[in-house]
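Participant: based on what follows, work out the 3D shape:
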Amino acid sequence: MATEATAKAFFTSPYFAVVGASSDPTKFGHKIFTWYTHHTLPVTPINPSTPAIKAFPPYPALEIQSYPTLPNLSSLPHPTETSVSIITPPKVTMKVLQEVKELGIPGVWLQPGSFDDEVLEWARKELKMVVAGDGGRGGEGWCVLVDGEKAAKQAGKLKL
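Facilitator: You can find the predicted model right below:
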């Protein structure tokens, strides 16, 4: 089971990626990616369907920016130093998690809706660090939008 210590450890990585990042502001892939950019964390969008996504950069910039995407986690320059937030359907998530294991990615944060019981069980058994499932401060379980700020602050990534 994920704990506050696990969430904090997730944010000790120097780099981050969002699998399922999107330009569509109604989608959680966009909201999660934008959370990282607004907190000025080094984040890479992963989306095999588009060469770039558009999102707002950190304040005070007011113009939407284009962020080049990577097609998969294997394209990351520093996979063993990158924690990954995943916002994909469970069937896709399982394939992503297998890639996570192969690459030695240190931590994953499975957003609500990105996993089912089978995916969660596999992830907890096979991976080093998993933030997912029951817990956190929101009613849906661990979510970067709800729990990320506290965890990132505890990891020293954000000013208190």
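Participant: show me what the most centrally placed residue in the chain bridges to in the sheet.
Facilitator: Nearest to the geometric centre of the chain sits residue 85, at 1.4 Å (C-alpha atoms, centre = their mean). Partner residues in beta bridges with residue 85: residue 18, residue 109, with DSSP bridges as the criterion.
Participant: phi, psi of the nearest residue to residue 89 once chain neighbours are set aside?
Facilitator: Residue nearest to residue 89 in three dimensions, not counting chain neighbours: residue 114, with 7.2 Å by C-beta to C-beta, 6 or more residues apart in numbering. Placement of C-beta: from N, CA and C, glycine included. The phi and psi torsions at residue 114 (degrees, to the nearest 10) take the values phi -90, psi 0.
Participant: then residue 145?
Facilitator: Here residue 145 shows phi and psi, under degrees, to the nearest 10, equal to phi -60, psi -30.
Participant: now do it, the pLDDT please.
Facilitator: Looking at residue 145, its pLDDT stands at 95.
Participant: kindly report the same for residue 61.
Facilitator: Predicted confidence (pLDDT) for residue 61: 82.
Participant: same question, residue 160
Facilitator: We note a pLDDT of 54 for residue 160 in this prediction.
Participant: buried stuff in the helix ranked longest in the chain?
Facilitator: The residue-count maximum for a helix in the chain (DSSP state H) belongs to helix 90-103. Of the residues in helix 90-103, those scored as buried under the neighbour-count criterion (16 or more other C-beta atoms under 10 Å) are 93, 94, 96, 97, 99, 100, 103.
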